[in-house]
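Asker: Fold the following and give me the result.
(2 chains)
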Number of protein chains: 2
Amino acid sequence: MSWAGKILRVNLTAGTVKSEPLNMKWAKEYLGSRGLASKYLVEEVDAKVDPLAEGNKIIWATGPLTGTMASTGGRYTVVTKGPLTGAIACSNSGGYWGAELKMAGWDMVIFEGRSAKPVYLSISDDVAELRDAAHLWGKTVWQTEEMLKKSHQDPQLRISSIGGAGENKVLFAAVVNDLHRADGRSGVGAVMGSKNLKAIAVRGTKGVGNFADAKAFMKVTYEKKKILAENGVTGQGLPAYGTQVLMNVINEVGALPTRNHRDSQFEGAKDISAEAMATPRATDGKKPLVTNQACFGCTIACGRIQKIDQGHFSVQNKPEYWGASGGLEYEAAWALGAANGVNDLDALQYANVLCNEHGMDPISFGATIGAVMELYEMGVLTKEQLGIDAKFGSAQALAHFAEITAKGEGFGKEIGQGSARLCKKFGHPELSMTVKSQEFPAYDARGIQGMGLTYATSNRGACHLRSYTVASEVLGIPVKTDPLAADGKPDLVKAFQDATAAFDSAGICIFTSFAWTLEDVAPQVAAACGSEFTLEKLGEIGERIWNMERDFNNRAGFTNKDDTLPKRLLTEPAKSGPAKGLVSKLPEMLPKYYEIRGWNADGTLKAETRKRLGL
Amino acid sequence: MSWAGKILRVNLTAGTVKSEPLNMKWAKEYLGSRGLASKYLVEEVDAKVDPLAEGNKIIWATGPLTGTMASTGGRYTVVTKGPLTGAIACSNSGGYWGAELKMAGWDMVIFEGRSAKPVYLSISDDVAELRDAAHLWGKTVWQTEEMLKKSHQDPQLRISSIGGAGENKVLFAAVVNDLHRADGRSGVGAVMGSKNLKAIAVRGTKGVGNFADAKAFMKVTYEKKKILAENGVTGQGLPAYGTQVLMNVINEVGALPTRNHRDSQFEGAKDISAEAMATPRATDGKKPLVTNQACFGCTIACGRIQKIDQGHFSVQNKPEYWGASGGLEYEAAWALGAANGVNDLDALQYANVLCNEHGMDPISFGATIGAVMELYEMGVLTKEQLGIDAKFGSAQALAHFAEITAKGEGFGKEIGQGSARLCKKFGHPELSMTVKSQEFPAYDARGIQGMGLTYATSNRGACHLRSYTVASEVLGIPVKTDPLAADGKPDLVKAFQDATAAFDSAGICIFTSFAWTLEDVAPQVAAACGSEFTLEKLGEIGERIWNMERDFNNRAGFTNKDDTLPKRLLTEPAKSGPAKGLVSKLPEMLPKYYEIRGWNADGTLKAETRKRLGL
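Answerer: Modelled structure (predicted):
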């Protein structure tokens, strides 16, 4: 086994911290991280609980490969019932925090209840305790990291925390670790804020290991790293350009949602692309991109470190770490840029840094601004309400909204509710580009049809990280499928959903799946955890996790009616590019998907499916 | 115990790697790192062996606090018989390598014999093997690190290696780890080169721990870090200015050796000081100092990252990492600067980066150039021989010599023998500013009298890191003594020598001793290793180590006649500053020192001393 075998249970109401053995039966059925933490959640939490109430729980979890020598073994997840969606939420992050928790000897930390006063959890190997966080409340993520490292006198301390967005219960508040890495989606940071939990600071020196077959593990992880190194995407594209390599590609296939999905191609795509990040600016002659950066154990290194033009947006008055910090990922660049028609790369990075610093999901934030701008252009929202002229394309408006949302000021409070609640409040629910109240990421469901089904059926609301069929439909991984066709997509989506759940639960990064399939993951898990973890078993675990998540959502009140897309994507054809004239073919795909899932027509699990998967 | 309890023994002749248990009896008598590795060396190696012959051994060793949460617990040492001195050599380095070896589950690695072909040792937790290094031979330290991380597919890999200087057996070749941290002195890198050993690449995931009392350890290390944070030197001076804070201070007390010790104050000191590093340059308006940087677990962070003026010395053609890399420490700035009368900060950093890149000790290199320049000004060496006009103060000559020495070209071969052999060869042995053939560091023995006795009696040749009486004589730590007086210095030097041996052997950085005494170290070692490690016992261990090293040197052929200083310091009075008119008072101090050491007049150990210390 390469689980640590122990979990921490923290009762914030009582102020107690207890150690308990990991449930090994569940570990074998749900692997770790996403799957295993979700199992604990669905067993312990009433599916109908208000996500921000005391009865919700929130779990930080590593996988069996977290902290090991497996490539990208630095991942951890935060699992809770999400306040943005009301569905089960599982947000995944890299950096170093997850590996550190594992090295401290813990597989996961479960928080229950609610503290009366701001607290943080300090973990030093076996010693874990709640400490007063009054002095940290109101501080940014970056200030919090700095203050904790200083007060613990430990530069190696790793911190997972919330900024003002989580404290103010912004419904897309993120949990951020290692300054730039985030459990971004579904508002997991707001749950942390609702519990008066500011941060988890961890230092671990116990190491990982205890492998089923240590020699085999070293050998197989080395061999699998080779596959990543030799692959065009993981060995060349991602290290050189980061995820931003997609900006021009997705624009060309006509699936770059633009101006709140009014359009599906953006004339300014090239200005906010990876190529633009690597080109010296006209203003100061410097490249925005400083370098790439890897998370713990990662041999891909897709992360970006980016520098803002120092003359832009008064960054002169910002703390020093504004100089060069976590740079634009494709999803963030899209949401802050194309979704609002903004093509000013420095403005995007300015908003992006605010998201990191204050702990907000840039996808939901940016996409919500897209809706605000559309409502403004329609005359529904006014300059007086917003505090600024907010036409599509306004870099000034983007920066302004980032500031007021981060600080919870004025109209920022409305933005902080996300686009579904905002559009509903102002009388145009149809303009919210969301599924289950969570904003879309950067792929138009009309131009990449598999993504429409992915979004509609995602267990955490619209999301690209639950079944990234872009890999097949655009990049041809593992096989090329036609992005404009509906045929075969239900099978593709199911296969990707199940496999992704297994990747996530192992504790590795889904980006490895550009080069690896479960066939590559299985021998790594087997060498670490035991030979019973075959390819077949991992597939079964993935499917079990997917159905467990679905079942929780059904019990929470979701039905087949929630497996849908905004009217715009179902009725307004794409105006340009390869998908011109097309709408989403979701109605054609969904029944077939239910069928192969083994679900009833109302979206509930058939008894035989439940039995087959041991649910 | 917080030793890992295992050592690796590598026979390079046979190509074998074996694990053996740590000798726990020795561990309790010699603690770890410097002391324990030296015990293995003196037991296993003939003191009369040629340091570059197959019969010499070379040992990489951690201490019991290495890799733990103790502040500065990132240290390791390389122990061997030194080729520059012919004495026992122990060079200490920080960075991350030592902690990584410990986390892989090893206290030390002993190399014996000589490989027929270039090899490197790869350690991945329990798995250690020799691998072909033909493709690495001829590469710089920095290229070697990059190539190994790539071929191992492991960005977390830590590497300790030699560059061209070690391969070419430059007698002051260093072993370098983590790009900028070096086991600098006595030519330990040349021993590595003589054995055809290019590098040790290590990745450890097993952690450290196994403390005698883990809770007490966490508590006491936290308390002791507080002392460092609240101390003016370790909490303010070193983080803000680095060791370079000393340049103006030592110049003012009249103890900054200048132009091969002709003078003891340097008119250009302010141009090469910490203050100059923090001031924007006239040429490009930028500060040379980019940031400070900490080693593993260090709460002081004295390291510097420095940028060279990009217009200087054609650095445009250098690899990218030349842009900002390991910056000037005080000793390097002095040796490359004042010792040669050079006041060009960028030239100093250019030579410094060449030292890091190619693996050379900047102290011995710089000080040797001082001798070359004096011989040039005397007409003994000519422009034809040297390839350049080499007057004191020539930045061009400094850069030129750094290049040819690193590459082993032309007169660089003579420089690579160090100043003792060079001055002797060209007929002026009296101009070599060395003890036991090792060059002085940055303190004039006429202006800081305790340092004269320190140099003369150092077991590894002239060195400031065996008894840094500057702390007492200049900074008043732990008590202020008069730098111009001889009285009391024998006791002071003995106390510092013994305490330093204990600090070094615990696996922590000697810079902690600006704030800590052995009273602060003892409870940390006790919590980690067992309650028998009291203050008294640590003092006894330190003294035992010192006498063991001395005894090895005596057997190697050193006598009381070698405990001396160059004629210049004994007969030419200082020309300016507080020490004006003074020479070193060594003859007055030495007999008293022998007496309190319990040594005979010929410098050998008395039988009673041997008995008292269990030698």
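Asker: Helix, strand or coil: sort out the residue in the stretch 401-550 of chain A positioned nearest to chain B for me.
Answerer: Among the residues of the stretch 401-550 of chain A, residue A:528 lies closest to chain B, at 11.5 Å counting by CB to the nearest CB. C-beta: built from backbone N, CA, C; applies to glycine. For residue A:528, the reduced secondary structure class is helix; criterion used: DSSP: H, G, I helix; E, B strand; the rest coil.
Asker: Could you tell me how many residues sit around it?
Answerer: Taking other CB atoms under 10 Å in any protein chain shown as the criterion, the count of residues near residue A:528 is 31.
Asker: Check the contact between it and residue A:2; I expect there is one.
Answerer: Yes. At 3.9 Å, residue A:528 and residue A:2 qualify as touching, with contact defined as CB atoms under 8 Å.
Asker: Need the overlap of contacts for those two.
Answerer: Shared contacts of residue A:528 and residue A:2, defined by CB atoms under 8 Å, 6 or more residues apart in numbering or on different chains, comprise A:64, A:65, A:68, A:211, A:212, A:217.
Asker: Near chain B, list only the ones from those residues.
Answerer: Under the cut-off given by CB under 8 Å from any CB of the partner chain, chain B has residue A:68 from the shared contacts of residue A:528 and residue A:2 close to it.
Asker: What mean pLDDT does stretch A:257-268 get?
Answerer: Confidence over stretch A:257-268 (mean pLDDT, whole number) is 98.
Asker: Just the pLDDT for the residue lying closest to residue A:306 once chain neighbours are set aside.
Answerer: Spatial nearest neighbour of residue A:306, excluding adjacent residues (CB to CB, 6 or more residues apart in numbering or on different chains): residue A:327 at 2.9 Å. What the model reports for residue A:327 is a pLDDT of 92.
Asker: What count of nearby residues applies to residue A:595?
Answerer: Under the criterion other CB under 10 Å, the count of neighbours that residue A:595 has is 11.
Asker: Can you tell me, leaving aside adjacent residues, what's nearest to it?
Answerer: Taking CB to CB, 6+ apart, and ignoring the residues beside it in sequence, residue A:595 has residue A:490 as its nearest neighbour in space, at 7.8 Å.
Asker: Touching, the one you found and residue A:586? I think so.
Answerer: No. Taking CB under 8 Å as the contact criterion, residue A:490 and residue A:586 are not neighbours in contact, 10.6 Å apart.
Asker: Which residue is the nearest non-sequential neighbour of the closest residue to chain B within the stretch 151-300 of chain A?
Answerer: With CB to the nearest CB as the measure, residue A:207 is the residue of the stretch 151-300 of chain A nearest to chain B, at 2.4 Å. The spatially closest residue to residue A:207, leaving aside those adjacent along the chain, is residue B:207, at 2.4 Å (CB to CB, 6+ apart).
Asker: Model confidence for that neighbour, exactly?
Answerer: The score at residue B:207 is 87. That number is its pLDDT.
Asker: Near the closest residue to chain B within the stretch 351-500 of chain A, how many other residues are there?
Answerer: Distances between the stretch 351-500 of chain A and chain B by CB to the nearest CB are smallest at residue A:353, namely 18.9 Å. Other residues within reach of residue A:353 by the criterion other CB under 10 Å amount to 25.
Asker: again, but for the one 5 residues further on
Answerer: Neighbour count for residue A:358, taken as other CB under 10 Å: 28.
Asker: check contacts around it.
Answerer: The contact partners of residue A:358, by CB under 8 Å, 6+ apart, come to A:140, A:141, A:163, A:164, A:165, A:406, A:407.
Asker: Could I get the average pLDDT for stretch A:72-89?
Answerer: For stretch A:72-89, mean pLDDT is 97.
Asker: typo on my end, stretch A:18-34
Answerer: Across stretch A:18-34, pLDDT averages out at 98.
Asker: So which bits of chain A are right by chain B?
Answerer: Contact residues of chain A with respect to chain B, defined by CB under 8 Å from any CB, are listed as A:67-69, A:71, A:103, A:124-127, A:152-156, A:203-209, A:214-215, A:218, A:222, A:225-226, A:228-229, A:294, A:296-299, A:301.
Asker: Would you mind listing which of the residues you listed are buried?
Answerer: A:67-69, A:71, A:103, A:124-126, A:152-156, A:203-209, A:214, A:218, A:225, A:228-229, A:294, A:296-299, A:301 (16 or more other CB atoms under 10 Å in any protein chain shown).
Asker: Quickly note the distance from residue A:303 to chain B.
Answerer: Using CB to the nearest CB, to the nearest Å, residue A:303 is found at 12 Å from chain B.
Asker: okay, stretch A:480-500 in PDB with CA atoms only?
Answerer: This file holds the C-alpha atoms of stretch A:480-500, laid out as PDB (Å, rounded to 0.1, in the frame of the first residue of the first chain):
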ATOM      1  CA  LYS A 480      -9.400  11.500 -33.800                       C
ATOM      2  CA  THR A 481     -13.100  12.000 -33.800                       C
ATOM      3  CA  ASP A 482     -15.200  14.600 -35.700                       C
ATOM      4  CA  PRO A 483     -15.900  17.600 -33.400                       C
ATOM      5  CA  LEU A 484     -19.000  18.400 -35.300                       C
ATOM      6  CA  ALA A 485     -20.600  15.000 -35.100                       C
ATOM      7  CA  ALA A 486     -22.800  13.600 -32.300                       C
ATOM      8  CA  ASP A 487     -22.200  10.000 -33.300                       C
ATOM      9  CA  GLY A 488     -20.100   8.000 -30.900                       C
ATOM     10  CA  LYS A 489     -19.800  10.900 -28.400                       C
ATOM     11  CA  PRO A 490     -21.900   9.300 -25.700                       C
ATOM     12  CA  ASP A 491     -19.400   6.400 -25.600                       C
ATOM     13  CA  LEU A 492     -16.500   8.800 -25.800                       C
ATOM     14  CA  VAL A 493     -17.800  10.900 -22.900                       C
ATOM     15  CA  LYS A 494     -18.500   7.900 -20.700                       C
ATOM     16  CA  ALA A 495     -15.100   6.500 -21.300                       C
ATOM     17  CA  PHE A 496     -13.300   9.800 -20.600                       C
ATOM     18  CA  GLN A 497     -15.500  10.500 -17.500                       C
ATOM     19  CA  ASP A 498     -14.600   7.100 -16.000                       C
ATOM     20  CA  ALA A 499     -10.900   7.200 -16.800                       C
ATOM     21  CA  THR A 500     -10.600  10.800 -15.500                       C
END
